[in-house]
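[1] Show me how the following folds:
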Amino acid sequence: MVFERADGDVTTNEYKSFIEHLDVQLPPTPSNNIGNVMVYERVGGATLHGMQTFYSFTHDNRVLDKAIEWSDTFLHARNDPVTGRMQWTGKRELCWPNKETNDVLALYSGAENGDVIEHIVNTAKLILEDSSLWNQTAPPDKFDFGATYLDRAKTYVRECQRSAETTIVPWYVRNTSAGYRLYRPDSPAYVKFFNETGPLPWNQQQCIVGGLLRLAQCHRLLNDGNTNIVFYEQITRDAAAWFFENAKLVSVKGKNCYDWGYLAVDDPEEHREDTGHSFYDMYVLRAYDANLGVQRVQLQRLINTALFVINRGSNVFGGYVNGVTNQYREARKFLHYPWIEMSVLDKRLYELTANAVLVSHEFYDDIPVEAAVLYAKHYWATHEPEPEVVDTAKPAPARLRPLSRHDNEWPLLALLNRHRWLTVGITLLCWLVVTLLLKVFRRSKTSAVSKNQNS
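    Model (predicted):
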């Protein structure tokens, strides 16, 4: 594909190259979800997402029809309730298994199912938002999902609703005094097989609320009176609120930013979030777009984090959201597509992410990245930047630091560097041990000399 330059509107060559790529170079539609290919993988779920992003600002029916073809295949690949695979619940759940049948975790079925639902139902949403499509004949109906665009959209919503209310909500949503919270299942069967407990990681939470929010939006568009609309929106609202409550407000280069962990922790250092996983955290933007309590200033702090913390200059990005790179998380050449999609809120983020995509040539065959950068490019060609968001909050002293010699140290050294009291304690202990050994050595030496003299 082609991305000629970051400024101006989408060019004819850029537009044409995307369409031709779908026609000629598009990988085969995955037939199953093994390896989460229908979730975030570039040749699967991310590709479908890229088609939806491109259609959202072009309304090119060629792209929508391709998205329908992929959505049909995704839905058809769902586990069959009669002949399908058993899951950890002891049932043939309406899920998308992501492990091979001979895998030691073959019974696993997790939060990632929510993202498959989101991909399918987002296609329905695009159809339902344009009533002129409804009665037209949709692409070939291979699986009896409906002849017209409206029929196809209704099938997506109905079937994914069945999956959500049986495989997602009963196991992952908890009603607490603080609101709805997303946790790993506390069922003994789940714990026995997977030995996991506690809050879901933020990226997996966005998988779940993405699917639930899309269902709520489609039910509203259909005006079908579904009783889950407010429920699903509240789960989405509460998940976003929990994320921002847990993120640590820090000041870097005079800008308010966030530092956060992979999941809800008291200190991000307990389980730091890496830049690779952070791109799914950025789907909290959906709650903002749906007016579900997310404030514009909160998103600006995430944007500032990308601009002033993760960004290390010269199109290099830190391996973690605090800007650090080490032997576990290498530096990155670009920020992934949800970060790029968020750049419609701040032109500086667009310029940063677009230039990185241009230099890295990630646009060549990465459909979601190409779609995201063209989407944001078109936005800024047709919109003027808004005044910078005023943020008067006063954060605690920043814990973030620039890259240093410690960024490539071994875990023990990193631990000692962070906790100087531990270093002092270990030093004292070593001193005591050496002192005792010296005393023993001296006594042994004295005894040996005495024996020598007697001899």
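
[2] Do you know the pLDDT at the residue lying closest to Leu263 once chain neighbours are set aside?
    Spatial nearest neighbour of Leu263, excluding adjacent residues (CB to CB, 6 or more residues apart in numbering): Pro201 at 4.4 Å. For every residue, glycine as well, the C-beta is placed using N, CA and C. For Pro201, the model assigns a pLDDT of 98.

[3] Distance check, Pro201 against Ala264.
    9 Å (CB to CB, to the nearest Å).

[4] can you check Gln52 too?
    From Gln52 over to Ala264 (counting by CB to CB), the distance is 30 Å.

[5] residue contacts, the residue nearest to Leu263?
    Contact partners of Pro201, counting by CB atoms under 8 Å, 6 or more residues apart in numbering, are 262-263, 277.

[6] Give me the neighbour count for Val104.
    9 (other CB atoms under 10 Å).

[7] Where does it sit: helix, strand or coil?
    Assigned state for Val104: coil (three-state reduction, DSSP: H, G, I helix; E, B strand; the rest coil).

[8] Please apply the same query to the one 5 residues further on.
    Local secondary structure at Ser109 is given as coil here, using three-state DSSP.

[9] In this structure it contacts Gly84, no?
    No: when contacts are counted by CB atoms under 8 Å, Ser109 is not listed as touching Gly84 (10.9 Å).

[10] any shared contact partners between these two?
    Glu93.

[11] Which of these two has more residues huddled nearby?
    Using other CB under 10 Å as the criterion, Ser109 and Gly84 rank with Ser109 on top: 26 against 15.

[12] ok, Gly261 - contacts?
    Per CB under 8 Å, 6+ apart, neighbours of Gly261: 246, 267-273.

[13] Buried subset of those, written for ChimeraX?
    Remark: buried members of those, expressed as a ChimeraX selection using 16 or more other CB atoms under 10 Å:
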select :246,268,272,273
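
[14] How many residues are close by Asp65?
    By other CB under 10 Å, the burial measure for Asp65, its neighbour count, is 16.

[15] again with Gln136
    So Gln136, with other CB under 10 Å, has 12 neighbours.

[16] again with Pro185
    Neighbour tally, Pro185, other CB under 10 Å: 20.

[17] Also Tyr172?
    23.

[18] and the closest residue in space to it that isn't next to it in sequence, helix, strand or coil?
    Nearest non-adjacent residue to Tyr172, counting by CB to CB, 6+ apart: Leu182, 5.3 Å away. At Leu182 the chain is in strand, as set by three-state DSSP.

[19] hmm, back to that, which single one of the contacts of Gly261 is nearest to Ile117?
    Glu273 (24.0 Å; CB to CB).

[20] Would you agree the closest one is in contact with Tyr258?
    No: using CB under 8 Å, Glu273 is not in contact with Tyr258; the gap is 9.8 Å.

[21] could you pull out the helices for the stretch 151-300 of the chain?
    Applying DSSP state H, counting those that start in this stretch to the stretch 151-300 of the chain gives helices spanning 169-172, 188-194, 202-222, 229-246, 275-281, 285-289, 296-305.

[22] For those helices, give me CSV that also has distance to Ile426.
    As requested, these are arranged in CSV below (distance: least, CB to CB, whole Å):
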stretch, distance to Ile426
helix 169-172, 42
helix 188-194, 35
helix 202-222, 34
helix 229-246, 31
helix 275-281, 32
helix 285-289, 45
helix 296-305, 34
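
[23] List just the one of the ones you listed that sits closest to Val121.
    Comparing the helices of the stretch 151-300 of the chain by CB to CB, helix 202-222 comes nearest, at 4.0 Å.

[24] Who are the packing partners of that closest one?
    Contact here means 3 or more CB pairs under 8 Å, 6 or more residues apart in numbering; DSSP states H and E; on that basis helix 202-222 packs against helix 113-128, helix 149-163, strand 179-182, helix 229-246, helix 275-281, helix 285-289.

[25] List the buried residues of the longest one.
    When burial is assessed from 16+ other CB under 10 Å, helix 229-246 yields the following buried residues: 229, 232-244, 246.

[26] per-domain residue ranges of the chain.
    Taking automatic domain parsing as the domain assignment, the record places the domains of the chain at 31-246, 419-455.

[27] Helix or strand, whichever it is, which one in the chain has the lowest mean pLDDT?
    helix 411-418 (a mean of 45; mean pLDDT, DSSP states H and E).

[28] Let me see the contact set for Pro144.
    Let me fix one detail, which is that residue 144 is Asp and not Pro. Asp144 touches nothing, counting by CB under 8 Å, 6+ apart.

[29] residues making contact with stretch 99-109?
    The set of residues external to stretch 99-109 that reach it, using CB under 8 Å, 6+ apart, is 34, 85-89, 93, 95, 97-98, 167, 193-194.

[30] So which residue is smack in the middle of the chain?
    Tyr280 (1.5 Å; CA atoms, centre = their mean).

[31] What separation do you get for the closest residue to that one other than its chain neighbours and Thr167?
    In this structure, Tyr280 finds its nearest non-sequential neighbour in Asn203, 3.6 Å apart by CB to CB, 6+ apart. The spacing between Asn203 and Thr167, counted by CB to CB, is 18 Å.

[32] neighbours around Glu330, how many?
    13.

[33] likewise Leu105?
    Counted with other CB under 10 Å, Leu105 comes out at 13.

[34] hmm, back to that, and the residue nearest to Tyr280, what is it in contact with?
    262, 277-278, 280-281.

[35] Grab the two from the contacts of stretch 99-109 that are most spread out in space.
    Ile34 and Thr89 (19.5 Å).

[36] quick check: mean pLDDT across stretch 139-147?
    For stretch 139-147, the per-residue pLDDT averages 98.

[37] Could you work out the end-to-end span of that stretch for me?
    8 Å (CA to CA, to the nearest Å).

[38] List the buried residues of that stretch.
    By neighbour count on 16+ other CB under 10 Å, the buried set for stretch 139-147 is 141, 145-146.

[39] Off-centre distance for that stretch?
    31 Å (CA atoms, centre = their mean, to the nearest Å).

[40] Contact partners for Leu64?
    By CB under 8 Å, 6+ apart, the neighbours of Leu64 are 51, 55, 123, 126-127, 133.

[41] Please read off the pLDDT at it from the model.
    98.

[42] how close does it get to Arg5?
    Taking CB to CB, one finds Leu64 at 27 Å from Arg5.

[43] same thing with Ile117?
    From Ile117 to Arg5 the distance is 37 Å (CB to CB).

[44] Looking at these two, which has the bigger crowd around it?
    Ile117 (30 against 11).

[45] Excluding chain neighbours, what is closest to Ser187?
    Trp171 (7.0 Å).

[46] Quick check, that neighbour in contact with Leu182.
    No: Trp171 is beyond contact range of Leu182, at 10.1 Å (criterion: CB under 8 Å).
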